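1. Need a 3D model of the following:
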Amino acid sequence: MSRIGKKPIQIPKGITVTLKEGVVSVKGPKGALEEKVHPDINVEVKDQQIVLSRKSDLAKYRALHGLWRALIQNMINGVNEGFTKKLEIVGVGYRAEMKGTRLNLLLGFSHPILFAPPEGIKIEAPTQTSIVISGIHKQLVGLVAAKIRSFRPPEPYKGKGVKYEGEYIRRKAGKAAATAAK
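-> All right, here's what the predicted structure looks like:
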């Protein structure tokens with residue numbers, strides 16, 4: 001049995017959940033999300049709770065059961081509170097700033113990188129070395145953060161690059177001095 005899939009999802013006050021032809025729609029104070037549920041997963045709304053059940057006890061369906069329970073829970077959390085990812089920029093001359101709605105990144109290349117966020121995502125640069133990405137869709141927030149990080153991932157020698165806040169960068173030792181070997 002899927003331990004996560006068996007748990008009912010509590011629907012907080014101010015959130016409305018509707019089911020129509022295999023599509024779950026969630027509306028809340030921050031916005032609305034909808035997702036087409038896998039046909040082998042049954043979704044029911046009872047007494048301010050969402051209960052999911054599966055077609056069979058095969059491993060494939062157990063995995064889908066837990067997955068869809070987590071996805072629907074993330075939809076409810078997103079429209080209620082939203083999701084945030086924070087990035088840090090490390091390196092001399094590396095910085096970020098907002099130019100209108102676009103993020104302008106100077107990451108040591110010969111040209112600046114202009115990044116336009118997708119619809120539903122808000123990007124802020126409170127300081128030159130930090131970026132805050134927020135939105136109601138958890139997967140999209142993570143995808144945008146990963147895309148920005150991919151422009152200059154942290155390197156293992158000096159740790160320069162774009163990293164997640166609190167991410168540990170495993171450092172490598174540099175080359176030993178040539179004069180020490182003689």
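2. Please name the bridge partners of Thr16.
-> Lys27 (DSSP bridges).
3. Quickly list the domain ranges of the protein.
-> 3-80, 83-164 (automatic domain parsing).
4. quick one, what contacts the residue most central in space within the chain?
-> The centre of the chain sits closest to Gly142, judged by Cα atoms, centre = their mean, with a distance of 2.2 Å. Residues counted as contacts of Gly142 (Cβ atoms under 8 Å, 6 or more residues apart in numbering) are Lys85. Heads up, the C-betas are built off the backbone N, CA and C, glycines and all.
5. and it, what helix or strand is that in?
-> Here Gly142, judged by DSSP states H and E, is contained in helix 138-150.
6. Quick check: buried residues in that helix?
-> Neighbour-count burial for helix 138-150, counted by 16 or more other Cβ atoms under 10 Å, picks out Lys138, Leu140, Val141, Val144, Ala145, Ile148, Arg149.
7. List the contacts of the fourth one.
-> Contact partners of Val144, counting by Cβ under 8 Å, 6+ apart, are Lys85, Pro117, Pro118, Ile121, Ile123, Ile133, Gly135.
8. so which two of these are the farthest from each other?
-> Lys85 and Pro118 (13.9 Å; Cβ to Cβ).
9. More neighbours: those two, which one.
-> Between Lys85 and Pro118, Lys85 has the larger neighbour count (other Cβ atoms under 10 Å), namely 20 against 11.
10. ok, now which ones touch the nearest residue to that one once chain neighbours are set aside?
-> Closest residue in space to Lys85, ignoring its immediate chain neighbours: Ala145 at 4.0 Å, by Cβ to Cβ, 6 or more residues apart in numbering. Residues in contact with Ala145 (Cβ under 8 Å, 6+ apart) are Lys85, Leu87, Ile133, Tyr164.
11. returning to what we had before: just send the buried residues of helix 138-150 back as JSON lines, with distance to Ile169 and pLDDT too.
-> Below are the buried residues of helix 138-150 laid out as JSON lines (distance: Cβ to Cβ, whole Å; pLDDT from 0 to 100):
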{"residue": "Lys138", "distance to Ile169": "25", "pLDDT": "96"}
{"residue": "Leu140", "distance to Ile169": "25", "pLDDT": "97"}
{"residue": "Val141", "distance to Ile169": "22", "pLDDT": "97"}
{"residue": "Val144", "distance to Ile169": "21", "pLDDT": "97"}
{"residue": "Ala145", "distance to Ile169": "16", "pLDDT": "97"}
{"residue": "Ile148", "distance to Ile169": "16", "pLDDT": "97"}
{"residue": "Arg149", "distance to Ile169": "12", "pLDDT": "97"}
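12. quick revisit: out of the domains of the chain, the one nearest Gly174 is which?
-> Nearest to Gly174, of these and by Cβ to Cβ, is domain 83-164 at 6.0 Å.
13. For the closest one, measure first residue to last.
-> 14 Å (Cα to Cα, to the nearest Å).
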